[in-house]
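**Student:** here is my input; please provide its structure:
(one chain, ligands or ions: 1)
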Amino acid sequence: MVSSEILDRLSATLASRRDADPTTSYVAKLFHKGQEAILKKVGEESFEVVMAAKDGDRRALVGEIADLWFHTLVLLAHEGLSHEDVLAELARREGISGIDEKASRPKD
Ligand SMILES: N=c1c2ncn([C@@H]3O[C@H](COP(=O)(O)OP(=O)(O)OP(=O)(O)O)[C@@H](O)[C@H]3O)c2ncn1[C@@H]1O[C@H](COP(=O)(O)O)[C@@H](O)[C@H]1O
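**Tutor:** Coordinates of the predicted model:
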């Protein structure tokens, strides 16, 4: 079974691409292009997830969700966040199902 440590390793790789040459790395190129380009990829991959699910293509669905997760990790890194922030939020939600999420979320 693949461990969630892959997220730690991938996030470290993403962080290392911040100052990398955009001509040698897809991630560095996305960082270089900026938020708009990253958001465009997140939108495209979200749509592809929906289409794969509607087509009933389970193999494609896994691939498209991997693309979506990957691009959301790039977005998090771009915004100075990481998967750990999301995991912490999910952990916080354990045991509070049934209550209003927005009302229960800590203020920034
Ligand atoms: N997990 C991924 C990963 N998943 C998807 N992709 C890239 O995301 C893009 C997906 O876009 P599309 O499917 O829309 O295909 P495309 O039309 O070629 O995309 P565009 O060129 O239009 O953006 C492809 O270029 C994929 O190669 C990824 N690129 C990198 N990683 C990981 O990120 C690490 C660092 O990557 P580099 O910065 O490229 O070294 C790698 O070692 C991998 O672990």
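
**Student:** all contacts plus neighbour counts: C-alpha atoms, from now on.
**Tutor:** Will do.

**Student:** next, count neighbours for Leu75.
**Tutor:** Residues lying near Leu75 (other C-alpha atoms under 10 Å) number 22.

**Student:** my guess is it contacts Ala37, does it?
**Tutor:** No - using C-alpha atoms under 8 Å, Leu75 is not in contact with Ala37; the gap is 9.8 Å.

**Student:** what's the closest non-adjacent residue to the residue nearest to the spatial centre of the chain?
**Tutor:** Nearest to the geometric centre of the chain sits Thr72, at 2.2 Å (C-alpha atoms, centre = their mean). Spatial nearest neighbour of Thr72, chain neighbours left out: Val42 (6.4 Å); criterion: C-alpha to C-alpha, 6 or more residues apart in numbering.

**Student:** show the contacting residues for that neighbour.
**Tutor:** Counting by C-alpha atoms under 8 Å, 6 or more residues apart in numbering, Val42 makes contact with Leu68, His71, Thr72.

**Student:** which residues touch stretch 78-88?
**Tutor:** Applying C-alpha under 8 Å, 6+ apart, the contact partners of stretch 78-88 are Leu7, Asp8, Ser11, Phe31, Gly34, Gln35, Leu73, Leu76.

**Student:** top of those residues by neighbour count?
**Tutor:** Going by other C-alpha under 10 Å, Phe31 tops those with 23 neighbours.

**Student:** give me the element it is part of.
**Tutor:** If you go by DSSP states H and E, Phe31 is part of helix 26-33.

**Student:** how much space separates Asp19 from Glu79?
**Tutor:** Separation of Asp19 from Glu79 (C-alpha to C-alpha, to the nearest Å) stands at 15 Å.

**Student:** if anything else comes up later, I'll come back, but that's it for now.
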